[in-house]
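Colleague: need coordinates for the following:
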Amino acid sequence: MTTLQHLFFPLVFLILLVHPVFSQQSSAEDETLAVIGLQDARVADPGEWESLLASPSAKVRARVALAVGSLQVPGMAVKVVPLLADPDPVVRKNAAFAIGQSGDAVVLPLLLKSLGEEKNPGVAREIAEAVGKLGGEADLDSLVASGASPRAIAWGVMRFGIRGVATEASFRFIAENAKNPKLAYPIAYTLGRLAEIPASMEKAVRRLVRSSSAEVRMNAVLAAAGFHDSTVVGALVVPRLRDRDWRVRVNALRAIGKADAGLAAKTVKLLLAKLKDKNHNVAVTAVRTFPNVIDRDDPVAAAVRKELEAILHSKKSETLRGEAGVALARIFGPDAFGVVMREARATGEHLRARLSEALGYIPLRRIVQELYALDPYDSSLVVRLGILKGIQHGLPYVDDDSRDLAIAFCFKMTRTGDVALTATAAEVLADTNIAVKRHREIARYLAGLLPGLHAPDDIEAITAICSTLGTLKRPEAIDALKGKLAEPNHVVQEAAVQALRGIDPDIDVESLTLAPAEHEMPAEIKERIAKLGKRVRLRIKTNKGSITVELFPDAAPVTVARILELVEKKFYDGLTFHRVVPNFVVQGGDPLGNGWGGPGWTMRSEFSTRRFERGSVGIASAGKDTEGCQFFITHCATPHLDGRYTNFGKVVRGMRVVDKLEVGDKIVSVRKL
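Modeller: Next up, the predicted model:
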């Protein structure tokens with residue numbers, strides 16, 4: 001036997017030995033790509049999923065469960081229930097998530113049974129949260145009495161709290177566990193989401209507002225507002241106006257804004273001081289607080305007016321000045337008309353838009369005419385949106401002639417061909433202050449627009465018009481709405497169906513003919529998904545500094561692939577952050593810069609068990625499966641976004657930069673690292 005033969009036979013043996021492993025791995029990868037494809041195509045037929053649900057690969061079964069969680073089809077929930085007993089904990093966790101997303105309360109007994117048997121802490125938490133997404137008060141009591149770990153119960157109770165569901169049993173659980181630092185966050189968040197909490201929770205809230213965790217404190221101060229007792233709120237919240245974390249100061253201001261006038265009068269000096277807070281987000285929130293706590297006859301009103309006018313006339317940010325204008329209009333009404341109108345005619349685009357909206361808060365019979373007169377002066381898209389919002393605010397104060405003028409302006413805006421103006425105008429036309437005698441004309445006009453609007457570019461205008469037609473309940477719109485059922489886009493079809501139900505609650509939806517929804521994933525995106533690595537990072541360079549983001553291809557493969565495609569095209573370079581909500585999100589990536597722009601296509605929602613924490617990066621949407629290029633970054637944990645928005649990344653460096661971002665700040669560039 002030659003030396004070559006000595007090498008050859010062992011090599012053949014080795015190849016034969018490892019071949020099944022490679023074959024299984026290849027099969028699992030193929031099945032995973034198949035799952036992603038079915039999810040993207042929104043295939044809701046359970047039969048299409050059966051073989052994948054029974055895959056020998058735990059990775060595939062886990063991916064199937066996530067896909068079902070994004071589909072949110074009630075009938076599919078039953079199909080993943082067997083996965084609650086899967087040997088792999090990731091599969092069980094994803095199955096619980098999928099069931100919680102389904103909205104199918106029929107499976108609640110099975111969830112509670114699984115919770116009692118589950119030993120893995122992470123899976124138990126996910127099951128408890130699923131119960132919290134689906135159940136009622138009796139299910140909440142069953143959860144508390146389930147014998148599950150306090151950790152799992154706390155997160156489940158939080159999910160109930162997000163929906164405004166609480167019981168005596170859940171409050172007892174909170175009182176007994178508030179001192180546990182590991183449970184402090186879900187407990188504080190629960191209490192902060194409830195509109196009203198019993199006095200028995202005061203001891204727990206007092207403990208929580210002193211927590212070493214800023215995220216606990218910021219929710220605890222919101223919880224304090226639920227007592228509706230100025231003495232208690234004052235003792236728990238006012239000291240937090242000096243908190244070292246700006247996010248706690250923001251929430252303390254919001255809590256004071258919900259308190260009675262007595263508390264505001266005692267704290268007005270502190271509130272005025274917050275107008276000059278070193279953190280921009282705190283100053284903006286302070287300005288927004290004043291209309292909720294004082295009126296024009298308040299003894300401190302003159303001092304407040306002086307400070308607000310000083311801000312409006314200053315060279316500070318357009319956001320802060322715009323909010324000062326809104327506050328002046330809401331507090332001082334007609335007395336503020338002159339000062340707000342002057343600035344509305346003479347300053348930057350975003351400020352003009354916000355002040356145009358502010359004018360609508362002034363109860364003047366001529367306010368619609370004044371706003372209408374601003375349009376020839378300024379045809380900016382952003383400002384026109386502000387004018388439309390101002391007109392809507394002013395509708396309760398004006399006569400029918402002014403409302404007729406408002407209708408004419410809305411019709412004019414729809415003829416611009418701009419999606420944002422069309423959608424906003426349609427929303428204004430649904431206002432209850434519009435005379436019923438005009439409803440037929442409005443319905444016929446809007447219905448006439450539908451044939452010329454098509455997804456994906458016009459999807460927000462279509463859904464807004466459909467919503468208004470459903471509200472107006474005029475039969476003249478039925479044929480046009482049925483025509484949209486022929487459009488092969490399931491978002492458009494759903495909007496049309498809901499509108500038809502609004503017009504005729506007895507309509508037989510099953511008898512309607514819907515065109516097969518078409519959605520083909522581009523071949524280049526499929527190829528990109530197949531090549532995605534486990535670690536993908538981006539650097540977002542802004543005028544305030546750089547932000548490094550780690551992407552999650554495991555949770556949102558299509559989204560990550562699409563974003564990388566845009567990054568390679570330098571799509572984001574030079575765009576702005578157009579929206580900032582203090583202690584919530586910063587949002588950017590819109591080519592129009594006003595929140596209405598897109599890349600020319602939409603992609604599917606990809607919901608997952610990834611939680612929205614501080615620094616999470618999500619995709620903005622106008623509803624399920626309408627995602628595009630706009631993204632947001634969270635200032636704090638936002639559990640109410642979990643399972644509702646695609647979570648595709650996390651800031652790993654640069655959160656201080658994120659905290660500094662204001663409306664209008666620039667995205668200099670976005671690059672893959």
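
Colleague: may I have the residues that are in contact with residue 354?
Modeller: 318-319, 322-323, 325-326, 386 (C-beta atoms under 8 Å, 6 or more residues apart in numbering). C-beta here means a position set from N, CA and C on the backbone, and glycine is covered the same way.

Colleague: same check, this time on residue 416
Modeller: By C-beta under 8 Å, 6+ apart, the neighbours of residue 416 are 384, 422.

Colleague: so it, which of the three states?
Modeller: Residue 416 carries the three-state label coil when classified by DSSP: H, G, I helix; E, B strand; the rest coil.

Colleague: for it, grab phi and psi.
Modeller: Here is the backbone geometry of residue 416 (degrees, to the nearest 10): phi -70, psi -20.

Colleague: residue 664 now?
Modeller: Main-chain torsions, residue 664, degrees, to the nearest 10: phi 100, psi -10.

Colleague: what's the burial count for the closest residue to it other than its chain neighbours?
Modeller: In this structure, residue 664 finds its nearest non-sequential neighbour in residue 576, 5.8 Å apart by C-beta to C-beta, 6 or more residues apart in numbering. Residue 576 has 20 neighbours, counted by other C-beta atoms under 10 Å.

Colleague: which strand residues bridge residue 576?
Modeller: residue 666 (DSSP bridges).

Colleague: now do the contacts for it.
Modeller: 588, 590, 593, 663-667.

Colleague: redo those as TSV? Include distance to residue 64, neighbour count and pLDDT.
Modeller: Output for these, formatted as TSV (distance: C-beta to C-beta, whole Å; neighbours: other C-beta atoms under 10 Å; pLDDT from 0 to 100):
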residue	distance to residue 64	neighbour count	pLDDT
588	34	26	98
590	34	23	96
593	39	19	91
663	41	21	94
664	44	18	93
665	41	19	96
666	42	16	97
667	36	20	98
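
Colleague: now render the residues you listed as CSV, adding distance to residue 92.
Modeller: Shown next, in CSV, are those (distance: C-beta to C-beta, whole Å):
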residue, distance to residue 92
588, 37
590, 39
593, 44
663, 43
664, 46
665, 43
666, 45
667, 40
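
Colleague: now stretch 75-93: mean pLDDT?
Modeller: Stretch 75-93 shows a mean pLDDT of 93 in the predicted model.

Colleague: so what touches it?
Modeller: Here stretch 75-93 has contacts from 44, 46, 49-50, 53, 58, 61-62, 64-65, 68, 94-96, 98-99, 102, 104, 106-107, 110-111, 114, 118, 120, 122-123, 126-127, 609, using C-beta under 8 Å, 6+ apart.

Colleague: mind listing what's buried along that stretch?
Modeller: Across stretch 75-93, burial judged by 16 or more other C-beta atoms under 10 Å covers 76-77, 79-81, 83-84, 86, 89-93.

Colleague: so which of these belong to strands?
Modeller: With strands defined by DSSP state E, no entry of these lies inside them.

Colleague: what's the most distant pair in these?
Modeller: 76 and 89 (21.4 Å; C-beta to C-beta).

Colleague: what's the spacing between the helix or strand hosting residue 189 and its chain's center?
Modeller: For residue 189, the host element (DSSP states H and E) is helix 184-193. Helix 184-193 sits 19 Å away from the centroid of its parent chain (C-alpha atoms, centre = their mean, to the nearest Å).

Colleague: with just CA atoms, put the next helix-or-strand element following it into PDB.
Modeller: Later in the chain than helix 184-193, the nearest helix or strand by DSSP H and E is helix 202-208. C-alpha atoms of helix 202-208 as PDB (Å, rounded to 0.1, in the frame of the first residue of the first chain):
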ATOM      1  CA  GLU A 202     -48.000  54.300  49.800                       C
ATOM      2  CA  LYS A 203     -45.300  52.400  51.800                       C
ATOM      3  CA  ALA A 204     -44.200  50.500  48.800                       C
ATOM      4  CA  VAL A 205     -44.000  53.600  46.600                       C
ATOM      5  CA  ARG A 206     -42.000  55.400  49.400                       C
ATOM      6  CA  ARG A 207     -39.500  52.600  49.300                       C
ATOM      7  CA  LEU A 208     -39.300  52.600  45.500                       C
END
